[in-house]
Structures are given as C-alpha cells and as structure tokens.
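Undergrad: Just need the structure, nothing else, for what follows:
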Amino acid sequence: MHLIRDGRGVLHSNLKKKYTVNFKDEKTGKIRKKIYNRNANITPLQTINSWKKGIIKSTLLLKLFRRKNSLLVKYEDFTNSPEIVLSRILKFANIIFEESMLQLEKGEKHIVCGNPSRINATQIHKLSKGWRKMDKDLIKLFNKKGAWLNRILGY
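TA: Numbering: from 1, shown residues only. Predicted structure coming up:
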C-alpha cells in the first residue's frame, strides 16, 4: 500500500509551531499534556523538497519491487471516507472489515510518521483545507516547486 498526501497539506501541517500530546501517567493513571515544539530551523522549501523526495523515492521503490499487488491510497480520501477506504485496504489485504476497526479509542496506537498529536485521536477527522489560508507567498512557492508532482498524483 502506498499512502500519499497533498503536498500543500504537508506544508501547512509542518508550518505549525507546536503540537500537544495527551498521555496517561503510568503511576497516577491521570491524563497529562505535553507540548512539543517543531524544529523552527526547517524552512518551507525544505519541507516541500522533503515531501517531493519521499514521494519520488517511494514511487520508484514500488515500480522496482512491486508486482501486480499494490494499492495507492490518498490520505485525504481516507480522512473523508474512512469506512470506504479502510474497507478497500482490508479487501486488498484479504482481511474482513469490522466496525470496531474505526473505534480509535480502543487498542494500542502507534505513530510511524506524521503528527504525534494524532496518538490522542478518538476518531478519524476530516481534513480541513487549511493550506488554502496559507500566506500567498507560500502558496506561490509550493506552486513553483511542488505543484507539478501534486498534478501527477491527481491533486
């Protein structure tokens, strides 16, 4: 499975300075908040280039090593229609869909990549198109450096 995301959304997300993670204190059992700061030294151009590099590398690896069995999933499709997309993923993996799979408050959670604050999620939230509110110069920068790849990806 190849999960991709609109580069503008990646840029917008990476512009956020802080994120909060709620975690359960093992000793007291109480929920505590921890605020994390993002690396302020990463520029928007570096974010765009990192996104492009990741997409290109993963696509090349899929072309080199995949057989007929591969599935492309857009992050935005998953967040907007989680049941439909999860059913598609599970069918691809030959796993039977269960409603409880969408109940994020149950079971263990792991973040492989992305925003660690999502570890607190109790449901799958539809993505806002917050990138549309980004500074016009940032949108111009993305359009100049990354729009070509977004178009290839179908955005």
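
Undergrad: Buried by neighbour count: which residues of the lowest-mean-pLDDT helix or strand in the chain qualify?
TA: Least confident helix or strand of the chain, by mean pLDDT, DSSP states H and E, is strand 18-24 with a mean of 73. Going by neighbour count (16 or more other C-beta atoms under 10 Å), the buried part of strand 18-24 is 19, 21. From N, CA and C alone the C-beta is placed, and that goes for glycine too.

Undergrad: helices and strands around the helix of greatest length in the chain, which ones?
TA: Selection of the longest helix in the chain by residue count, based on DSSP state H, yields helix 44-65. Applying 3 or more C-beta pairs under 8 Å, 6 or more residues apart in numbering; DSSP states H and E, one finds that helix 44-65 contacts strand 2-4, helix 7-14, helix 136-145, helix 147-152.

Undergrad: Please work out the average pLDDT along stretch 144-153.
TA: Predicted confidence along stretch 144-153 averages 96 (mean pLDDT).
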